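In: here's a sequence, model it:
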Amino acid sequence: MTPTHDPGPARNDGHLHLGFDTRHGPDGGTAHFLQVMDDHRIRRACVVTPAVHGWDNTVTATALREHPDRFVGIARLDPAGPDPVRMARTLLERGFRGFRLSPSTPGDPDWLTDEVSHRVAAALERHGGVVCLHGGPGDLPAAARFARAHPGVTVLIDHGGRPDPSAPDHGFGPELRDLAGIDSVVIKTPNSSAFSHEPPPHGDLATYHRLVVEAFGAHRVMWGSDWPVCLSAGPYRAALEAAEAALAGTGPTEQALVLGGTFDRVFASTSPPPKGSS
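Out: Next up is the predicted model:
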């Protein structure tokens with residue numbers, strides 16, 4: 001099949017969901033997205049279990065088991081479950097690379113600094129795992145406390161901390177500046193279709209991207225499409241082109257890191273393969 005986008009260098013996609021939209025097939029969209037990856041020269045991608053699945057990571061686990069060379073997986077972990085530490089260990093042993101957590105958990109908004117979080121962090125360190133934190137500016141101080149308490153755990157900030165490009169600081173506020181000073185924190189780019197107030201290529205986010213790369217360094221910034229949510233603004237190539245346009249003011253080395261190299265570093269193969277895989 002002829003690629004729908006100028007292939008250019010191979011890249012990685014740091015954020016997508018399978019099973020989010022049933023229109024993409026009974027396998028949760030896995031086969032469909034693999035074709036999208038091939039069409040756009042995406043080598044590997046990080047599958048994040050979507051919130052619509054609750055705490056059920058089955059679709060993500062199946063994709064990891066069947067395509068371990070193309071996907072890495074981030075599970076959802078219930079911090080209020082009957083034994084979250086045991087569940088964390090089980091998921092890591094099954095090949096997941098880490099967990100997606102929300103700092104603002106109902107009933108215990110600061111659970112990231114409690115005893116459960118310390119024990120989950122210990123499991124992550126042993127497996128070379130990561131934690132993805134999904135929240136806005138008000139949640140980021142908890143992420144900073146967690147990162148400082150557990151420097152051996154890579155902390156990924158999903159969706160760039162949910163920026164508002166119309167804000168005076170272009171969405172790059174003091175909470176993100178604080179996180180930029182913590183070496184173990186890596187920030188994902190936001191889904192432009194969700195956070196921009198302009199049509200593709202979402203030029204109002206360009207200043208935000210520049211500030212993020214300047215503060216964190218390109219080696220700590222990771223591009224993620226947020227497929228299939230990103231399709232609200234156009235085809236997959238529109239999400240990729242928006243990222244390329246936002247990074248146009250940086251050098252080729254920085255662009256290569258954000259669009260692929262940071263993913264390779266963060267998701268280097270240090271975890272055991274999924275049980276039952278070859």
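In: can you verify residue 81 is assigned to a strand?
Out: No. Counting by DSSP: H, G, I helix; E, B strand; the rest coil, residue 81 is not part of a strand but coil.
In: count the neighbours of residue 116 for me.
Out: By other CB atoms under 10 Å, 18 other residues sit near residue 116. Glycine gets a C-beta too; all of them are placed from N, C-alpha and C.
In: with the one 4 residues further on instead?
Out: Applying other CB under 10 Å, we find 26 other residues in the vicinity of residue 120.
In: could you find the closest non-adjacent residue to it?
Out: Counting by CB to CB, 6 or more residues apart in numbering, residue 88 is the residue found nearest to residue 120 once chain neighbours are left out, at 4.8 Å.
In: what sits against the one you found?
Out: Contacts for residue 88 (CB atoms under 8 Å, 6 or more residues apart in numbering) come out as 77, 99, 119, 120, 123, 124.
In: spatially nearest residue to the third one (excluding sequence neighbours)?
Out: Meaning residue 119. Residue 119's closest residue in space is residue 85 (CB to CB, 6+ apart), at 4.5 Å.
In: same thing with residue 249?
Out: Residue 249's closest residue in space is residue 210 (CB to CB, 6+ apart), at 5.8 Å.
In: mind jotting down where the helices sit in the stretch 1-150 of the chain?
Out: Ranges of helices in the stretch 1-150 of the chain, per DSSP state H, counting those that start in this stretch, are 30-39, 58-66, 84-93, 115-127, 140-149.
In: okay, how far is it across stretch 128-141, tip to tip?
Out: This stretch, stretch 128-141, spans 24 Å end to end (CA to CA, to the nearest Å).
In: residue ranges with poor pLDDT in the protein?
Out: Applying pLDDT under 70 to the chain flags the ranges 1-8, 103-111, 113, 269-278.
In: can you tell me the centre-most residue of it?
Out: residue 15 (4.2 Å; CA atoms, centre = their mean).
In: which residues touch that one?
Out: Contacts of residue 15 by CB under 8 Å, 6+ apart are 46, 48, 158, 159, 188, 191, 222, 224, 225, 226.
In: repeat that for 10 Å
Out: Listed by CB atoms under 10 Å, 6 or more residues apart in numbering, the contact partners of residue 15 are 45-48, 74, 100, 132, 156, 158-159, 188-191, 222-227, 229-230, 263.
In: which SS class is the closest residue to residue 207 other than its chain neighbours?
Out: Excluding the flanking residues, the one nearest residue 207 by CB to CB, 6+ apart is residue 170, at 4.4 Å. When classified by three-state DSSP, residue 170 comes out as coil.
In: isn't residue 170 right next to residue 206, touching?
Out: Yes. Counting by CB atoms under 10 Å, residue 170 touches residue 206, with 8.9 Å between them.
In: for residue 127, see how far away residue 151 is.
Out: The gap separating residue 151 from residue 127 is 16 Å, by CB to CB, to the nearest Å.
In: more neighbours: the two, which one.
Out: Taking other CB under 10 Å, residue 151 and residue 127 do not tie; residue 127 has more neighbours (19 against 14).
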